[in-house]
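Enquirer: Quick check, what structure comes out for this input:
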Amino acid sequence: MSRDITTSVLANTDLGNGNWLLEFGSPELASGMRPAQFFMIGIPGAATLLRRPYSVCGLPGTFEDRPDGAVQVLYKVVGHGTGLLSSLAPGAPLTVLGPLGNGFTPPDDPEVTPLFVAGGIGSAPFPALAASYEGRFPKPVMIYGARGAGDLALSDWFGERTEMDISTDDGSVGHHGRLTDPLIARLDREPQRKFKMYVCGPEPMLEAVGKIAVQRGIPCELSLEAHMACGFGVCLGCVVPVRRADETTGYDRVCMEGPVMSADRMAW
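Expert: Model prediction:
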């Protein structure tokens, strides 16, 4: 059940290249929350009318050295709202509505390997997911793509917990090119291995990876990104086209029916 609370910043860590990890105390919101669900976060008194959606990055226990009841949000400074967020010091107040939306679901078979595909700041939901699957499923595989080395936030953390393949647009680290190249190479190299794919990143990447998954018959959940005004289904500002059971095209709300949707439902 969603709740609307006022809390305060515990830490706001600059990870470099515009990437930040915000931490706040929220045990009541974190209880029962699933990876890829999100919060609507506002800054009291700031000159911003609407709250912004942020995927949960860490739940209590995800990062072992963090306080009990703390949750984390990974974000990148791209405009006025995220710029204000990056200026907040410990103790600054926040208004937080959540948890919202639907999260990732675990594989049905304990022998299935989770396969994370992250584009840039789309890595945000995967720390919580990796921590929740530890000891329950085989070690995850992660395909992590970004513009350059500086955009691979938390790559050291992921490298310790996943089999990670990296690609960068500029070739500064890993494969030089799109992340679909190492993804396809991995799938071709291990055709007998059972995977379930979890994907988050920009829309063109979601479409490309989702089509690969559908063509190969691999279960695949996409965590969609969309501009939102409310976060709970009223404004209809975040709708996306989806394929209905009767093969017609309809529209679902990312904030309510998503942000996690099955790749085979998308009307690309």
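
Enquirer: Gly101 contacts Cys255, doesn't it?
Expert: Yes. With contact defined as CB atoms under 8 Å, Gly101 counts as touching Cys255 (5.8 Å). Any C-beta I mention is one placed from the backbone N, CA and C, and that applies to glycine too.

Enquirer: Next one, pLDDT for Ala70 please.
Expert: Listed pLDDT for Ala70 reads 92.

Enquirer: Specify the beta-bridge partners of it.
Expert: Per DSSP bridges, the residues bridged to Ala70 are Gly25.

Enquirer: which residue ranges form the helices in the stretch 51-200 of the chain?
Expert: For the stretch 51-200 of the chain, helices defined by DSSP state H, counting those that start in this stretch occupy the ranges 80-86, 126-133, 155-161, 180-189.

Enquirer: In the protein, which helix is the longest?
Expert: As assigned by DSSP state H, the longest helix anywhere in the chain is helix 203-216.

Enquirer: Please name the residues that touch Pro114.
Expert: Applying CB atoms under 8 Å, 6 or more residues apart in numbering, we find Pro114 in contact with 107, 129-130, 133, 137-138, 140-141, 195-196, 198.

Enquirer: got any ranges where the stretch 1-150 of the chain has weak pLDDT?
Expert: 47-49 (pLDDT under 70).

Enquirer: The spatially closest residue to Asp109 that is not a sequence neighbour and Gly217: what is the separation?
Expert: Nearest residue to Asp109, sequence neighbours excluded (CB to CB, 6 or more residues apart in numbering): Lys194, at 6.8 Å. As judged by CB to CB, to the nearest Å, Lys194 and Gly217 stand 11 Å apart.

Enquirer: neighbour count winner among those two?
Expert: Shown here are Lys194 and Gly217; by other CB atoms under 10 Å, Lys194 has more neighbours (14 against 8).

Enquirer: any idea how far the more buried one lies from Asp108?
Expert: Distance of Lys194 to Asp108, computed by CB to CB: 10 Å.
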